[in-house]
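In: requesting a structural model of the entry that follows:
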Amino acid sequence: MPLKLFQNKKSLTLFLSLLIFSHISFSNEEEGYSRVNIEGVSTIVIESESYRQNKKSYCRDRSHPSEVIWEEDFSSGALDKETWKYDVSNGFYDKGKFVYGWGNAELQYYRGAMTEEHTNENLFIEDGLLKIQPIHHRRAFQKEFDYTSARIKTQDLKQFTYPSKITFCFKVPTGIGAWPAFWLMPNEDIAWPQGGEIDIMEAKGRLTNIAGSALHFGEGFHNKDEIVQNVVIPPSVRFQEKFHSITMEWREGSIKMFLDSQKEPYMTVLNNDESFGEFIYPFDRNYYLIINVAIGGKYDDHKVDRTAFCLNSKCSNKKNPDDHRFLIDWIEYTRLKP
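Out: The predicted structure follows:
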């Protein structure tokens, strides 16, 4: 049932509450999952005992040091130049032609490092957290862009592959038009989406309790497909108000996504999934990591509320600035037994 049918937040909350109590039980009696359709996307609704506890963070426990290949907890106060670099632009070149808005009609301009700590007004480290802060500019940035943000990546610096688990602990920003994401692109120079794209997490700032994962694949921009799976948690635990973790369990020929400490995946994709049809399963290769916050674009049908964003580096126009920032507490890349 599309969300647009709900006249107010109370009716939406009631609807999600009813969904949660009509769940399908797994072997673990504390957990229940049901599948619904929200805004045309398959969505898993999770009920779990763990969400009945009021906590600042629902992220899963950290791994034992012996299992960790690489981790990032942003404890140094500076962004590691040996691991991260910036995308600086509003788009990219494709066959000699500049594609504005990153192919999605996004509105933001991504800014680069401006300090010795390898940070800027849109991305900084504070209180042991990486914070990406989109800013709405009353006077257009570079006389052209109403919004700035940040996008960092490990391209050519650090790569990720299977068998492994990738987990990140985060809190998403609120605000119509905010589009935070944590995703993977192939190391090799290959046309999108032939090498695949793995969106471990992306969320719409408009929706308080929903996040999602997606796999993109195909032969070209006009001959492609995707597998998308969203996840909803109880309305009593506002997704945007708490820290959560998503773990990708990555094996040859399979990808699974887990929310927080849940034992059952909310998304499972195998290389023989009928969704691939004529296309080749492309995800058995090396990838690099990207973290960003986009503004507007096709992901949420170009919806943007400019009053939802910070107006300056201190976000002085907001009572709780961190509610309007993408916060990342830690990232782990761990071994997974074949």
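
In: list the buried ones in stretch 254-264?
Out: 254-260, 262, 264 (16 or more other Cβ atoms under 10 Å). Every C-beta, even on glycine, is put in place using the N, C-alpha and C of the backbone.

In: can you measure across it, start residue to end residue?
Out: From its first residue to its last, stretch 254-264 covers 15 Å (Cα to Cα, to the nearest Å).

In: following element in sequence after the lowest-mean-pLDDT helix or strand in the chain, please.
Out: The helix or strand of the chain with the lowest confidence, counting by mean pLDDT, DSSP states H and E, is strand 24-25 at a mean of 33. Toward the C-terminus, strand 24-25 is succeeded by strand 31-38 as the next helix or strand (DSSP states H and E).

In: what comes up buried for that next one?
Out: Going by 16+ other Cβ under 10 Å, strand 31-38 has these buried residues: 31-34, 36, 38.

In: which stretches in the stretch 201-338 of the chain count as strands?
Out: Taking DSSP state E, counting those that start in this stretch, the strands of the stretch 201-338 of the chain run over residues 210-220, 223-232, 244-251, 254-259, 267-270, 287-295, 326-335.

In: what pairs with the last one, parallel or antiparallel?
Out: Strand partners for strand 326-335, identified by DSSP bridges, are recorded as strand 68-72 (antiparallel), strand 129-132 (antiparallel), strand 164-171 (antiparallel).

In: touching the second one from outside, list them.
Out: Around strand 129-132, the neighbours that count as contacts under Cβ atoms under 8 Å, 6 or more residues apart in numbering are 74, 79, 122-125, 149-150, 180, 291-293, 322, 325-329.

In: please repeat the previous calculation with a cut-off of 10 Å.
Out: 72-74, 79, 84, 119, 122-125, 149-152, 168-171, 173, 178, 180, 243, 291-293, 315, 321-322, 325-331 (Cβ atoms under 10 Å, 6 or more residues apart in numbering).

In: check which residues of the next helix or strand after it are buried.
Out: Using DSSP H and E, the next helix or strand after strand 129-132 towards the C-terminus is strand 135-141. Applying a neighbour-count criterion of 16+ other Cβ under 10 Å, one finds 135-137, 141 buried in strand 135-141.

In: what separates strand 135-141 from the chain centre, distance-wise?
Out: In terms of Cα atoms, centre = their mean, to the nearest Å, the centre of strand 135-141 is found 24 Å from the chain centre.

In: what is the neighbour count of residue 320?
Out: Using other Cβ atoms under 10 Å, residue 320 has 10 neighbouring residues.

In: what's the answer for residue 319, then?
Out: Count around residue 319 with other Cβ under 10 Å applied: 6.

In: likewise residue 274?
Out: Using other Cβ under 10 Å, residue 274 is surrounded by 6 other residues.

In: do the same with residue 162
Out: 21.

In: any figure for the gap between it and residue 337?
Out: 12 Å (Cβ to Cβ, to the nearest Å).

In: anything in contact with each of the two?
Out: residue 251.

In: picking that back up, are any of the contacts of strand 129-132 buried, and which?
Out: Among the contacts of strand 129-132, those buried by neighbour count (16+ other Cβ under 10 Å) are 72, 74, 79, 84, 119, 122-125, 149-152, 168-171, 173, 178, 180, 243, 291-293, 315, 322, 325-331.
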